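S.K.: Turn this into a model:
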Amino acid sequence: MKTKKPTPYNQLSKEEFFLSGHRACQGCAEALAVRLVQKAAGRDTIVACATGCMEIVSSPFPFTSWNLPWIHVAFENTAAVASGVEAGLKALMRKGKLPQRDIKVIAMAGDGGTSDIGLQALSGALERGHNLTYVCYDNEAYMNTGIQRSSATPFGASTTTSPAGKKVPGQITWKKNMPEIAVAHQIPYVATACPSYPIDLIQKVQKAISKPGPAYIHILSVCPTGWRIPSNLAIKVGRLAVRTGIFPLYEVEDGIYRITQKTSKLLPVKEYLTIQGRFRHLTEELISQIQERVNQEYELLLKKVAMTQGEKKEE
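M.R.: A predicted model of the protein is given here:
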């Protein structure tokens, strides 16, 4: 059960639960995000992991990078398996077959396994109120199988299934807003995070696992291979995503919005887009179109913060 108070990040155990030796690409920010999430969650954790990059790189038979109970599940049923684990633990403790203790259940999947293939199971788990934390590691495409587009692929990005051509500028739909879909389920905690801001990420994971009921964390995981950037720029690109407003860092706790990484003035999205090969075909007109969309969405987020904070003060 989620009853313990969050551990301050500077008091986290030095023990590692996602170990080195895995086969992730050089500069993979997703591997860093997984390490931080598991370090924040701690020892008494069971992880259900969908098929994807992290499953492939971390479990080449007969080896594993997981230093805690870890279950590889199919693309579509991560949340369902995690729900079953949570319900099973609850039943065993109720029957006295397991001692009462705080065992965290974490479901993890990429953007494909979350916003596409696994959305049905995720929605069901959130609606039923299972006491688990779902983490989406969003690298904005199906990277493990060849960089195919997903519903989380941003407008204008070139992938193997949304290639940029003379008439079609790559991906022609806008990125699905999974955090807001999670918020619509009226669960206790939803947050966005990025390993480029590790303390913010750790604090959010600690808060998520400490609150009763389901929690959802959406982590932007920069992929040097799929995004076509040098491996040493992964952290910089993640920071640019936040500072341009393309991926704002915020949390929604019991319906109250709060931006956790504020900037006095957003940087132009061009600084984020032009550093990546997947956007190198974009014209100035398309970049202006993306800038306008980002401005609109950021203003909407600010309005939600103001509205919910105002309601909180009135209470």
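
S.K.: Okay, now the unreliable bits of the chain?
M.R.: Low-confidence regions of the chain, defined by pLDDT under 70, span residues 1-10, 312-315.

S.K.: quick one, strands of it?
M.R.: Secondary structure of the chain, counting by DSSP state E: strands at 45-50, 70-73, 104-110, 133-138, 189-193, 215-220, 250-253, 256-259.

S.K.: would CSV of those strands with mean neighbour count and distance to Lys39 be doable?
M.R.: (Glycine included, C-beta is placed from N, CA and C.) As requested, the strands of the chain are exported to CSV (neighbours: other C-beta atoms under 10 Å; distance: least, C-beta to C-beta, whole Å):
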stretch, mean neighbour count, distance to Lys39
strand 45-50, 24, 10
strand 70-73, 19, 15
strand 104-110, 29, 12
strand 133-138, 28, 13
strand 189-193, 27, 13
strand 215-220, 27, 14
strand 250-253, 20, 19
strand 256-259, 16, 23
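
S.K.: mind putting these in JSON lines, distance to Ile147 included?
M.R.: As requested, the strands of the chain are exported to JSON lines (distance: least, C-beta to C-beta, whole Å):
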{"stretch": "strand 45-50", "distance to Ile147": "18"}
{"stretch": "strand 70-73", "distance to Ile147": "22"}
{"stretch": "strand 104-110", "distance to Ile147": "12"}
{"stretch": "strand 133-138", "distance to Ile147": "14"}
{"stretch": "strand 189-193", "distance to Ile147": "23"}
{"stretch": "strand 215-220", "distance to Ile147": "17"}
{"stretch": "strand 250-253", "distance to Ile147": "28"}
{"stretch": "strand 256-259", "distance to Ile147": "31"}
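
S.K.: Of all the ones you listed, which one comes closest to Gly84?
M.R.: Minimum separation from Gly84 across those (C-beta to C-beta) falls at strand 45-50, 8.8 Å.

S.K.: Walk me through which strands that closest one pairs with, and which way each runs.
M.R.: Using DSSP bridges, the strands paired with strand 45-50 in its sheet are strand 70-73 (parallel), strand 104-110 (parallel).

S.K.: Please state the offset of that strand from the chain centre?
M.R.: 14 Å (C-alpha atoms, centre = their mean, to the nearest Å).

S.K.: Just give me the longest helix of this structure.
M.R.: Longest helix of the chain, by residue count under DSSP state H: helix 284-314.

S.K.: which helices and strands sit right next to that helix?
M.R.: When contacts are defined as 3 or more C-beta pairs under 8 Å, 6 or more residues apart in numbering; DSSP states H and E, helix 284-314 packs onto strand 256-259, helix 270-273.

S.K.: Distance to Asp200 added to these, as a markdown table?
M.R.: As requested, the helices and strands packed on helix 284-314 are exported to a markdown table (distance: least, C-beta to C-beta, whole Å):
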| stretch | distance to Asp200 |
| --- | --- |
| strand 256-259 | 11 |
| helix 270-273 | 18 |
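
S.K.: and Leu92, how many residues sit next to it?
M.R.: 12 (other C-beta atoms under 10 Å).

S.K.: repeat for Ala306
M.R.: Using other C-beta under 10 Å, Ala306 has 11 neighbouring residues.

S.K.: Run through who's touching stretch 125-132.
M.R.: Identification of contacts with stretch 125-132 by C-beta atoms under 8 Å, 6 or more residues apart in numbering yields 1-2, 79-80, 82-83, 85-87, 90, 105-107, 134, 182, 185, 187, 212-216.

S.K.: Please repeat the previous calculation with a cut-off of 10 Å.
M.R.: Applying C-beta atoms under 10 Å, 6 or more residues apart in numbering, the external contacts of stretch 125-132 come out as 1-2, 46, 48, 78-87, 89-90, 103-107, 118, 124, 134, 181-182, 184-188, 190, 208-209, 211-216.
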